[in-house]
Structures are given as C-alpha cells and as structure tokens.
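Q: Got a sequence here, can you build the structure:
(chains A and B)
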Amino acid sequence: MSGRGLRYRDPVVWSVRAAFWIVLAFLGVPLLILAAVSFHPGRFMTFPPQGFSLRWYETLFTNSQWTDAIRNSLVVAFASALLATAMALILALVLDRYPVRFGAVFRQLGMLPLFLPPVIMGVAYVSFFYAIGFSGRIENLIIAHAVFNAPFPLMLISAGLGKVGKELEESAMNLGARPGVVLRTVTLPLIRADVFAGALLAFILSLNEYIVAFLVAGFTVVTLPIELFASLRYSYSPVIAAASVVFILGTAVLVAVADRMAGGLWD
Amino acid sequence: MRGGFPAQGAGGRLARALLVFPVGMLVVFFVVPLIMMFVVSFYRNLPGAGWEPAFTLENYVRAFSRGLYRDRLVYTLEISALNAVLCLLIGYPFTYYLVRLASPFWRKVGLTLSISTLWLTYVVRSYAWSVLLSATSGVGQLLMWLGLVDRPTGYTPGPVATVVGLVYVFLPFMILSLYGSLRAIDPSMEEASMNLGARPWRTFLHVVLPLSLPGAAAGAVMVFLLTMGNYVVPSILGQPAQWTMPVIITNQVMNESNVPFGAAMSVILLAVLGLLAYATGRLVGKARVNPYAGSRVAQGGEGA
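A: Numbering: from 1, shown residues only, chains lettered A, B, ... in the order given. I've put the predicted structure just below:
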C-alpha cells in the first residue's frame, strides 16, 4: 500500500513503514492493556489478568463515591457545553453577518482561552472567585469550563457559516423574509450540525478536563477525572481501570458522533 | 455591507446588543480573572488565613531567589524542549507515511486512530502508562519473561515514565500539525523530482523537507508550549525531581494555600511562555501555531 511517492523498495521505505506501525501500536496498546486489567477479578491490578470479572464495573456504577463523580461530571459538562455553545453561536453569527466595530478583536478574545495554559487559567479563577468571596461552587466550574471550551464551538460554527455562504439568506431576504425569519428558517437549520458538533466537543472537553476543575472546585465538586486522580494516589484497584475504560468508550463514541456531524473534523 | 442582513435598523441593533452576552462573559470570566491573578501576585500571604491586599514583591523575590524554583523553571524548559524534539522525530516519519497512503479510506482510519487519544483526559492516558510501566503489570513482567532482568522492576514514577508519558500525550498534536503541512505538498512534485533521477532520500531532503518545515516547526513549538503548561503527566508519572512549574504552582495553591505565591509563579510562567511564543512565532512565520492546526476544526477560527 505504499503511496505514490514511495515506490522504491529500499531500506528507508521499509523503516518508515515499520515506524508507522510501531507508532500506531505505541498509541493503542496502553489503552488496550488498561481495558484488559479492568476485567481482573483480584483487588490489585495485574497483567495479564487472572480470570474475567465485571465486578469492578459493578463497583463503578453502584459505589456512591464513583456515581457522585459521574453525576457531577455530567452536570458540569452539560451545562458548560450549553453555555459555551450559546456564547459561540452568538459571537460567530453576529460577527459573521453584521459589521461590528472591533469585531476581529472580539473573535480573537473568544479564541484566546485555547492558547492559555489551563493551569494558569485555574490559578486566575482561584484568585478571582476567592476575591469576590464565591469559591468552590459548581457554578464557578461550569462558567470556567464554558469560557475555556468556547473556542471549539466558535471554530466549528464559524467554519459552518463560511461553508454555507450568504446566497441562500440573501434570496430569502429578497423574497421578503424578515431577518428573524431568515435566521430561524434558513441560517440555523443550515448550521445545525456544526452547532451540535461544537456543543459535543465542548461537552467532551469538559468531561475530560482535570486541572481547571481541580483548582476551581477540587475540594467541593469532585468530577470523574478528579476522583480518578485521587484514587490512583491511594490505591491500585482495577476499578480505576474500569472507570478509564468507560471514559475511553464514552469519549470515542462522542467524538465519532461529532466527527459525523461536522462532516469530518480532521480531513 | 458584508452580510446578507441589513446592517442598520432594529435587527442589526438587536444583533449587536446580543454580543453583550458572549463578550461580557469573556471579559468578566476571562480577562478580569487574569488581571486578578496579576494583582494577587503582589498580595501578602497569610498562612492559614488566605491573603492580605498589599503591594509587595516578596512573592517574586522568593520565586527568583530560591534555587528550587529557578531549577524547576529550567527543568520545565528542558523537558519541554526534549519532548518537542522527540515528538517531531517520532511524528514526522509516521505522518509522512500516513499522508502518502494511497487509499483515502485507510488514510482517514490511520489519522483518526492516531489522534483519537487526543480528547481523552490526561489522567487516564498517564494512568495507562503507570500501569504499563509498573512492576506488576506490563513492561516489568515482559522483561522478566524475556530473561533480561531477574525480578520485575517498575519504571514509574520516574524520569523514563515522565518522558514516555509526555510523548504519548502530545504526539497527536504533532501529528495533526504535520498532517496539515505534509498534506498540502503535491505528490507530483516528488514524482517530478524522481523522474528527473533523484533518489527517494534526495527527493525528500530537497523537496518534501523544506516544504514541510513550517508545519514541523509550528508543531514543535505547540508541543513545547503545551508541555510547559501540563500538570497531570509529571505529577502522575514523575517523582518530585520531574515536577514541572505547573505541579509546583498547583501544590502551592492547593496544598500550601499560598495563592499569592502561586499567582506570582503563574505570572512568571505566562511571561516566559509569551516571550517564547513571540520569539518562535517569528521563527515559524506564517504557519499557524494552534493545537488543532491542520484539522478542519481549526479552520473556522480564522474568521470569515
């Protein structure tokens, strides 16, 4: 299956091919081993697992320590994704369709959280929420994640608006539809998939985010990554592997759906 | 008039009024917290009782005068540079092969597989390696089984685990950046070079490599900056000797409750990152330094 440029059978080509498979294995194998470990029936992780048991998955979904963390994670991810998408949708729509003074600045401001190290953002939130006497609340985390993840729906929705173009809207308007009607019946349906894909990415990112969550509300709102991190300090139980597997599968499914909706996220 | 919507009139005014929500959110919950962090970095810490508003440079003096913190900053720069180089060396041949796969289907599968771990929390990814490099599961047992060692040894936490974990976590970003720039090179350029008699490695050296350099540089800069800001990997896979600035900062804020000192070190880290981003940005030139450069996700960020 060598590509068009690589038709020589020389050692360079072969070593590049070998490197390709080694890297693919390097990326995949750790997660597969984690999956295998999660079925180990004993109390301490061993590989290869001795036996097969689903007891750690049962623990994960019945033990309140874990179910609370799952619930917190889902609440924060859902609310912050909603907020992030609302911010991104308004920003993208208005900046794209109306001439706004300082529009470029606002767009860059919306993208900026993507370039700031999360740990620094976390310290900034600690300083800010403590100074206004409002620390450790779940609302803080929702807001922090919303601002931090908004660049993703912003990118996707802007790309969607660019793809759709303005011709259909102009036709609708020439036919007498008012801007509100055009927005509801033409623009929004056309970019719906991008909006959903953006919301999904914000959801996934919030679900997976650790350090901002830990700094903003780590001692009061325990999310799943925080619970995972804390438990692997104290124990070496396969329940952590089981939680990881649920994480991997959930993230994979959601990314696949987002990829579908956006018509290919990568290529 | 740029858009299809009327710029004037009630609709335009309403639209612009709506901007107050996202821009207000960004100002209040992004710009103001950063300013607040800067302000707090000059406050005085009261052990066990929060902080006291003041204007003191003692946090900065402490960060610069103690060898410990200086060493951590230098170490952070070193390991980030090492990681950027390793990701480039590993990612380049991989991505080149991937881009040149003849079948679009397999190319898509390969790309999706290789960057699918990118969304997964750092906690799980680091944890996977701490299992794999532990004595009881994975590499330790494999080496014993092969007869290379007498008893299974663990490599985690430690320097090996930290570097492996960092490569594992940031390689997908490198692949993504390289993919964008390598994909843009027309294969017929390589064919032309080879039809003119150049051997593959010569073709690579004189055609492919120069054209892909901006993407490679942007990817390396990105990995470098992301590593500088990463907390989870060095704190799970490293011993205190491998702790980077984010670990030191988080420990100050969460364990020592010394927010002013944590804020001062964050300001220093941010300043170093900003300087490096500026310097390398000139070096990288037009190539975009974006964690998701090369993906279609990133293309919308440029604006319409």
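
Q: residues in contact with A:G218?
A: Each residue near A:G218 by Cβ atoms under 8 Å, 6 or more residues apart in numbering or on different chains is listed here: A:I226, B:M254. Placement of C-beta: from N, CA and C, glycine included.

Q: Would you mind giving both backbone torsions of it?
A: phi -60, psi -30 (degrees, to the nearest 10).

Q: again, but for the one 3 residues further on
A: Main-chain dihedrals, A:V221, degrees, to the nearest 10: phi -110, psi 100.

Q: for B:W51, same thing?
A: phi -140, psi 170.

Q: Give me the pLDDT value at it.
A: Looking at B:W51, its pLDDT reads 88.

Q: Look up the closest residue to it, ignoring the ones flanking it.
A: B:Y43 (4.5 Å; Cβ to Cβ, 6 or more residues apart in numbering or on different chains).

Q: And for B:L226?
A: B:F170 (5.7 Å).

Q: so which helix or strand takes in that neighbour?
A: helix B:159-183 (DSSP states H and E).

Q: Please identify the buried residues of that helix?
A: B:161-183 (16 or more other Cβ atoms under 10 Å in any protein chain shown).

Q: in the stretch 101-250 of chain A, which spans are helices?
A: A:103-111, A:118-131, A:138-149, A:151-164, A:167-174, A:179-182, A:188-208, A:211-217, A:224-234, A:238-261 (DSSP state H, counting those that start in this stretch).

Q: Report whether the fifth one contacts chain B.
A: It stands for helix A:167-174. Yes - Helix A:167-174 reaches chain B (Cβ under 8 Å from any Cβ of the partner chain) through A:E169, A:E170, A:M173.

Q: same check, this time on the last one
A: Yes - Helix A:238-261 reaches chain B (Cβ under 8 Å from any Cβ) through A:I240, A:A241, A:S244, A:F247, A:I248, A:T251, A:A252, A:V255, A:D259.

Q: Now do the same for the third one: its pLDDT.
A: Per-residue pLDDT puts A:S244 at 86.

Q: where in the stretch 151-300 of chain B is pLDDT low?
A: B:283-300 (pLDDT under 70).

Q: Correct me if wrong: B:T156 contacts B:G140.
A: No - between B:T156 and B:G140 no contact is recorded; they are 9.5 Å apart, counting by Cβ atoms under 8 Å.

Q: list residues touching both of the two?
A: In contact with both B:T156 and B:G140: B:L133, B:S134, using Cβ under 8 Å, 6+ apart.

Q: can you count the residues close to A:N174?
A: 9 (other Cβ atoms under 10 Å in any protein chain shown).

Q: pLDDT value on it, please?
A: On the pLDDT scale, A:N174 is placed at 85.

Q: Provide a list of residues in contact with it.
A: Counting by Cβ under 8 Å, 6+ apart, there are no residues that A:N174 touches.

Q: what about it, distance to A:V164?
A: As judged by Cβ to Cβ, to the nearest Å, A:N174 and A:V164 stand 17 Å apart.

Q: do A:V12 as well
A: Counting by Cβ to Cβ, the separation of A:V12 from A:V164 is 45 Å.

Q: Start from the N-terminal end of chain B and give the strands.
A: B:44-45, B:51-52 (DSSP state E).

Q: would TSV of these with mean neighbour count be doable?
A: Formatted as TSV, these follow (neighbours: other Cβ atoms under 10 Å in any protein chain shown):
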stretch	mean neighbour count
strand B:44-45	19
strand B:51-52	15
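
Q: I'd say A:P117 and B:M228 touch.
A: Yes - the pair A:P117 and B:M228 qualifies as a contact (Cβ under 8 Å) at a distance of 6.9 Å.

Q: now the residue nearest to A:H145 when sequence neighbours are not counted: how far from A:P153?
A: Nearest residue to A:H145, sequence neighbours excluded (Cβ to Cβ, 6+ apart): A:S80, at 3.7 Å. A:S80 sits 11 Å away from A:P153, taking Cβ to Cβ as the criterion.

Q: now swap in B:P200 and tell me
A: 43 Å.

Q: Spell out for me which residue occupies the centre of the chain.
A: Since no chain was named, I'll use chain A. For chain A, the residue nearest the mean C-alpha position is A:L205 (2.2 Å; Cα atoms, centre = their mean).

Q: right idea, wrong chain: chain B
A: Nearest to chain B centroid, counting by Cα atoms, centre = their mean: B:L226, 2.0 Å.

Q: Check which residues of the host helix or strand of A:L31 are buried.
A: Using DSSP H and E, A:L31 sits in helix A:11-37. Neighbour counts using 16+ other Cβ under 10 Å place A:13, A:16, A:19-20, A:23, A:26-27, A:30-31, A:33-37 of helix A:11-37 among the buried residues.

Q: The lowest-mean-pLDDT helix or strand in chain A close to chain B?
A: Taking mean pLDDT, DSSP states H and E as the measure, helix A:179-182 is the helix or strand of chain A with the lowest mean score, a mean of 80. Yes - using Cβ under 8 Å from any Cβ, helix A:179-182 comes into contact with chain B via A:P179, A:G180, A:V182.

Q: Tell me which of B:T156 and B:G140 has more neighbours.
A: B:T156 (24 against 21).

Q: you'd agree A:G110 is up against A:A88?
A: Yes - counting by Cβ under 8 Å, A:G110 does reach A:A88; the two are 7.1 Å apart.

Q: Need the residues touching each of these two.
A: Common contacts of A:G110 and A:A88 (Cβ under 8 Å, 6+ apart): A:A150, A:P151, A:L154, B:P22.

Q: Look at the closest residue to B:S126 other than its chain neighbours and say how many residues are nearby.
A: Nearest residue to B:S126 in three dimensions, chain neighbours excluded: B:I236, at 4.0 Å (Cβ to Cβ, 6+ apart). Per other Cβ under 10 Å, the neighbour tally for B:I236 reads 23.

Q: what's near enough to touch B:I236?
A: A:F229, A:L232, B:V123, B:S126, B:Y127, B:S130, B:P157, B:G165.

Q: In terms of pLDDT, where does the second one sit?
A: Right, A:L232. pLDDT at A:L232 comes out at 83.

Q: any idea how far it is from B:V131?
A: From A:L232 over to B:V131 the distance is 9 Å, taken as Cβ to Cβ.

Q: Next, count neighbours for B:E256.
A: By other Cβ under 10 Å, neighbour count at B:E256 equals 12.

Q: B:F21 contacts A:L83, doesn't it?
A: No - taking contacts as Cβ under 8 Å, B:F21 lies outside contact range of A:L83: 9.9 Å.

Q: In terms of neighbours, single out the busier of those two.
A: A:L83 (21 against 14).

Q: If you count neighbours, what's buried in the helix or strand where that one lies?
A: A:L83 is part of helix A:64-97, with elements assigned from DSSP H and E. By 16+ other Cβ under 10 Å, the buried positions in helix A:64-97 come out as A:66, A:69-70, A:72-73, A:76-81, A:83-97.

Q: With stretch B:44-64 instead?
A: B:N45, B:W51, B:E58, B:N59, B:Y60, B:R62, B:A63.

Q: quick check, nearest of these to chain A?
A: Nearest to chain A out of the buried residues of stretch B:44-64 is B:W51 (Cβ to the nearest Cβ; 8.1 Å).

Q: contacting residues around the closest one?
A: B:W51 sits next to B:V40, B:Y43, B:R44, B:N45, B:V259, B:P260 when contact means Cβ under 8 Å, 6+ apart.

Q: Any chance of TSV for the residues you listed, columns distance to B:W119?
A: What follows is the contacts of B:W51, written out as TSV (distance: Cβ to Cβ, whole Å):
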residue	distance to B:W119
B:V40	32
B:Y43	37
B:R44	41
B:N45	37
B:V259	31
B:P260	35
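
Q: Which single one of the residues you listed is nearest to A:N140?
A: Closest approach between the contacts of B:W51 and A:N140, by Cβ to Cβ: B:V259, at 14.8 Å.

Q: that older thread, which stretch in the helices of the stretch 101-250 of chain A has the least confidence?
A: When I compare the helices of the stretch 101-250 of chain A, helix A:179-182 is least confident, with a mean of 80.
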